[in-house]
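In: Sequence and predicted structure below; questions after.
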Amino acid sequence: MKYLLPLIISIAFSAGAPGHEANRTLPVDSIASLSAGQCLILGRAVPPGMMPRTFQDGQLVCSDLKRWTSGFFPGTCWYSYLLSGREEVRALAENFTERMLDVDSYFRDHDIGFQIMCSAGIAYRITKDDKYLPAIRRAAEFLAARYSPITGTIKSWNSSKPVSKVIVDNMMNLELLTFASRQFGVPEWMEIAESHADKTIANHFREDGSSFHLVEYDPGSGAVLVKKTVQGYSDESAWSRGQAWGLYGFTMMYRETGEERYLHQAEKIARFLLPLVAERPVPAWDFNAPEPLSTQDDASAAAIMASAFVELGTLSLDKALAYRCSSMARTILKELASPRYLAAPGEIGGFLLKHSTGHYKAGSEVDVPLTYADYYFMEALCREFRPDLLRR
Ligand code: GLY
């Protein structure tokens with residue numbers, strides 16, 4: 001396709017103080033080439049009806065489509081295609097996106113937003129092919145049906161107990177509703193997204209801009225029952241990926257609605273995160289994890305933050321903050337592109353980034369590649385270097 005011109009050898013970062021990481025170059029073209037090769041390796045290895053999840057103990061670990069992570073590999077392939085221009089990667093992206101189109105066969109909970117928007121949603125954005133729209137509409141219907149006007153929120157997780165569980169991660173899945181509301185002319189879906197975001201501001205966030213992971217509501221009265229964590233170090237701690245979901249989610253909601261209260265929330269989260277990430281661009285899996293637990297990185301949190309910081313850097317009306325966000329995005333990307341994190345060609349089974357953490361306390365996916373770390377890394381690179389290819 002004519003707009004997929006080869007990238008120049010490397011793109012120098014222009015922001016940041018002299019000597020700052022952000023002033024050095026990032027070899028975008030070699031990362032594009034690496035990602036294309038890695039996607040092709042995974043594409044060959046993953047069985048029909050499955051998706052890559054991680055690479056552990058020298059083995060590729062796949063999941064079925066029901067897992068919340070199933071949509072990320074198709075999206076990584078689309079972003080890799082955008083950056084590399086390689087048609088065989090586009091074919092892979094189409095093939096793996098097709099697997100996600102029977103939404104009824106895998107829908108479970110709020111994660112339908114990740115599953116469909118990171119696969120069919122990205123595919124539609126890039127190709128404008130209507131074949132992706134029925135699945136997106138169906139997914140939006142499923143997500144909207146989880147909304148309760150009593151709690152004012154979408155129920156994130158299913159539960160056998162009489163509680164409505166809402167996690168901060170759920171902010172990410174509102175984009176399915178905002179997109180589908182506009183695309184299919186259903187204003188109620190936008191109202192649901194805004195109500196959920198407003199309740200999240202009211203009940204998930206602390207004064208300092210950090211957030212709880214899980215808030216449980218009484219489904220009968222809408223009252224908040226408890227605020228706690230599942231994947232973080234403690235109820236009061238700042239689980240790193242949760243903070244990244246919040247940063248990304250409220251930045252996205254401002255982009256989608258133009259409502260300044262979402263921009264202000266995103267900026268508040270950014271002010272909490274920026275000093276912490278300046279100290280350690282790839283954070284520990286929880287910002288409050290004590291030593292020795294804190295030695296374990298979460299590259300996925302870094303990749304999500306990088307992508308969100310790129311966008312917030314273009315949206316914030318506070319010019320000084322916008323500059324800090326843009327600069328931080330580049331610092332994180334530079335770090336993730338270093339040999340500590342970025343795979344060599346053929347390494348880690350076809351994944352891109354090492355040293356992510358899924359659920360530390362459960363001993364699940366600790367210090368491994370994760371499909372969503374790769375997705376947000378590639379998205380951040382596309383947002384930073386080829387925003388022209390991502391225009392709506
Ligand atoms: N949304 C699940 C996670 O971030 O681990």
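Out: Alright, I've got the coordinates.
In: what's the closest non-adjacent residue to the residue of the stretch 201-350 of the chain found nearest the ligand?
Out: The ligand sits closest to Arg241 of the stretch 201-350 of the chain, with a gap of 4.8 Å, by Cβ to the nearest ligand atom. From N, CA and C alone the C-beta is placed, and that goes for glycine too. Distances taken as Cβ to Cβ, 6 or more residues apart in numbering place Ala301 nearest to Arg241, at 4.4 Å, with adjacent residues excluded.
In: following the helix or strand harbouring that neighbour, which helix or strand comes up?
Out: When elements are assigned from DSSP states H and E, Ala301 belongs to helix 299-315. Following helix 299-315 in sequence order, the next helix or strand is helix 319-336 (DSSP H and E).
In: Run through the residues that contact the residue of the stretch 201-350 of the chain closest to the ligand.
Out: If you count contacts by Cβ atoms under 8 Å, 6 or more residues apart in numbering, Arg241 has them with 169, 231, 285, 298, 300-301, 304, 357.
In: For it, give its distance to Tyr124.
Out: 26 Å (Cβ to Cβ, to the nearest Å).
In: Excluding residues flanking it in the chain, which one is nearest the closest residue to the ligand within the chain?
Out: Nearest residue of the chain to the ligand: Asp169, at 3.9 Å (Cβ to the nearest ligand atom). Nearest residue to Asp169 in three dimensions, chain neighbours excluded: Trp245, at 4.7 Å (Cβ to Cβ, 6+ apart).
In: what's the angle from the helix or strand harbouring that neighbour to helix 299-315?
Out: Secondary structure assigned from DSSP H and E places Trp245 in helix 240-257. Between helix 240-257 and helix 299-315, the angle comes out at 30 degrees (axes from the mean of the first three to the mean of the last three Cα atoms, to 10 degrees).
In: in whichever helix or strand comes after helix 240-257, what counts as buried?
Out: Note on helix 240-257: by DSSP H and E, the next helix or strand toward the C-terminus is helix 260-279. By 16 or more other Cβ atoms under 10 Å, the buried positions in helix 260-279 come out as 262-270, 272-274, 276-277.
In: Which positions in this structure make contact with the ligand?
Out: Counting by Cβ under 6 Å from any ligand atom, the chain comes close to the ligand at 68, 169, 231, 241.
In: now that we have those residues, which one has the most neighbours?
Out: Neighbour counts for those peak at Arg241, which has 29 neighbours (criterion: other Cβ atoms under 10 Å).
In: for the stretch 101-250 of the chain, what spans make up the helices?
Out: Using DSSP state H, counting those that start in this stretch, the helices of the stretch 101-250 of the chain run over 112-116, 122-127, 133-144, 174-184, 187-204, 240-257.
In: Show me the shaky parts of the stretch 251-392 of the chain.
Out: 392 (pLDDT under 70).
In: thought the residue nearest to Arg241 was touching Gly246?
Out: No: look at Ala301 against Gly246 with Cβ atoms under 8 Å: they stay out of range, at 11.2 Å.
In: check contacts around Gly222.
Out: Residues counted as contacts of Gly222 (Cβ under 8 Å, 6+ apart) are 148, 150-152.
In: Could you rerun that using 6 Å?
Out: 150-151 (Cβ atoms under 6 Å, 6 or more residues apart in numbering).
In: Now it. Its backbone dihedrals?
Out: Torsion angles at Gly222 (phi, psi; degrees, to the nearest 10) stand at phi 90, psi 0.
In: per-residue confidence for it?
Out: With respect to pLDDT, Gly222 scores 98.
In: quick revisit: tabulate the residues of the chain next to the ligand in CSV, adding columns for pLDDT.
Out: As requested, those are exported to CSV (pLDDT from 0 to 100):
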residue, pLDDT
Trp68, 98
Asp169, 98
Gln231, 98
Arg241, 98
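In: Make TSV from those residues and add distance to Met51 to it.
Out: Putting the residues of the chain next to the ligand into TSV (distance: Cβ to Cβ, whole Å) gives the following:
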residue	distance to Met51
Trp68	11
Asp169	18
Gln231	21
Arg241	19
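In: Nearest to Cys325 among the residues you listed?
Out: Checking these against Cys325 by Cβ to Cβ gives Arg241 as the nearest, at 18.4 Å.
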